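Student: Here is my input, please return the structure:
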Amino acid sequence: MLGILLIYFIWKNFADLAVQYDKSKWGFGILGIVVYYAGTAFGGVILGFLTPELFEDNTGNSLLLGIIALPFGLFFCVIFYYLLKKTWKKNHVDMYDEIERIGENANENIHSSNTEEIKSQL
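Tutor: From the prediction side, this is the model:
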């Protein structure tokens, strides 16, 4: 049950970030879950190489492995979340600011060219 809650909150955080930057809500939500599972698998492999005695007797150590590998998955999720957020923030263009700036340069050019024409006529 706790695993389902963890997956839900991972999905929700990635989906909210995607919506904030006008990306695919479901795509990045699922990608966040995939990154979590990839991180736990990576952690399990690392633990398997570092402590092989945990897996010698096959007596239900999969739960122990899952609990120990959980921080690896969370670490990968957090790193991936902040990388996405940093990249999207750097490349994000706020449409409302851009709409407000339409015509600014044109007005400046008109005023400067009118002043130059008036000065040349004098």
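
Student: Tell me which residues of stretch 82-101 come out buried.
Tutor: By 16 or more other Cβ atoms under 10 Å, the buried positions in stretch 82-101 come out as 84, 88. Any C-beta I mention is one placed from the backbone N, CA and C, and that applies to glycine too.

Student: oh, and call the first residue 164 from now on, that's how I've got it
Tutor: Will do, 164 is the new start, and the previous item becomes stretch 245-264.

Student: Now do that stretch, average pLDDT.
Tutor: Per-residue pLDDT over stretch 245-264 has a mean of 80.

Student: go on, stretch 171-191?
Tutor: 93.

Student: Report all helices and strands that the helix or strand hosting Tyr245 contacts.
Tutor: Per DSSP states H and E: Tyr245 is located in helix 224-254. The contact analysis (3 or more Cβ pairs under 8 Å, 6 or more residues apart in numbering; DSSP states H and E) places helix 224-254 against helix 165-183, helix 188-213.

Student: so how far is Leu227 from the residue nearest the centre of the chain?
Tutor: Of all residues in the chain, the one closest to the mean position by Cα atoms, centre = their mean is Leu247, 3.0 Å from it. Note on Leu247: its distance to Leu227, by Cβ to Cβ, to the nearest Å, is 32 Å.
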